[in-house]
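1. Dropping the sequence and predicted coords here.
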Amino acid sequence: MSDKQTITRAAELTALQALRDFIGAACARAGIADATSYDLKLAADEVCTNIITHGYAGMNPGSIMLELELSRARVVMTITDFGHPFEPYEPDAPDAAALLAGEATSGFGLFFIYSTMDHVDYQTNEEGNHTILTKNLE
């Protein structure tokens, strides 16, 4: 048995806290560990920030829909937007020396997403762009 919950917010940076709160509350109600909730919030924050800053670039900000499907075995988080499509890719680990030297300024978001989730998928169709993130619980 699984439980689906959805939230929709404007694609604005000010909406990120509401999305994180939604994830945290859903995980708490389902008895999901704090560490897993943290990973989900981090990944959602990174995906949504990319959507807001890049997906809707040059467009009026649209909306972001976040759906959580929680089961005993896993959490599937689907983030849907209607901006420019962008397929995430699994990046190499960031260069720690460049980061410490202040030379690395981007590319960490995708690394965090792929590091915290067990599976990342991306689909685009007439119903929008869908980033599908899976975190196994068992």
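-> The structure has been received and is ready for your questions. Everything numeric in this text was worked out from a predicted model, so none of it was measured. Residues are numbered from 1 along each chain as shown.
2. what sits against the residue nearest the centre of the chain?
-> Closest to where the C-alpha atoms of the chain average out (Cα atoms, centre = their mean) is Ala44, at 2.4 Å. Residues in contact with Ala44 (Cβ atoms under 8 Å, 6 or more residues apart in numbering) are 19-20, 23, 66, 77, 79, 133. C-betas here are computed from N, CA, C, even on glycine.
3. if we go to 10 Å?
-> 16, 19-20, 22-23, 64, 66, 68, 77, 79, 113, 116, 131, 133 (Cβ atoms under 10 Å, 6 or more residues apart in numbering).
4. buried sites along the helix ranked longest in the chain?
-> If you go by DSSP state H, the chain has its longest helix at helix 34-50. By 16 or more other Cβ atoms under 10 Å, the buried positions in helix 34-50 come out as 36-37, 39-48, 50.
5. Kindly reformat those as CSV and extend each row with distance to Ala10.
-> Formatted as CSV, the buried residues of helix 34-50 follow (distance: Cβ to Cβ, whole Å):
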residue, distance to Ala10
Thr36, 27
Ser37, 23
Asp39, 25
Leu40, 21
Lys41, 19
Leu42, 21
Ala43, 20
Ala44, 15
Asp45, 16
Glu46, 18
Val47, 16
Cys48, 11
Asn50, 16
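6. of those residues, closest to Glu127?
-> Proximity of the buried residues of helix 34-50 to Glu127 (Cβ to Cβ) peaks at Val47, which lies at 17.2 Å.
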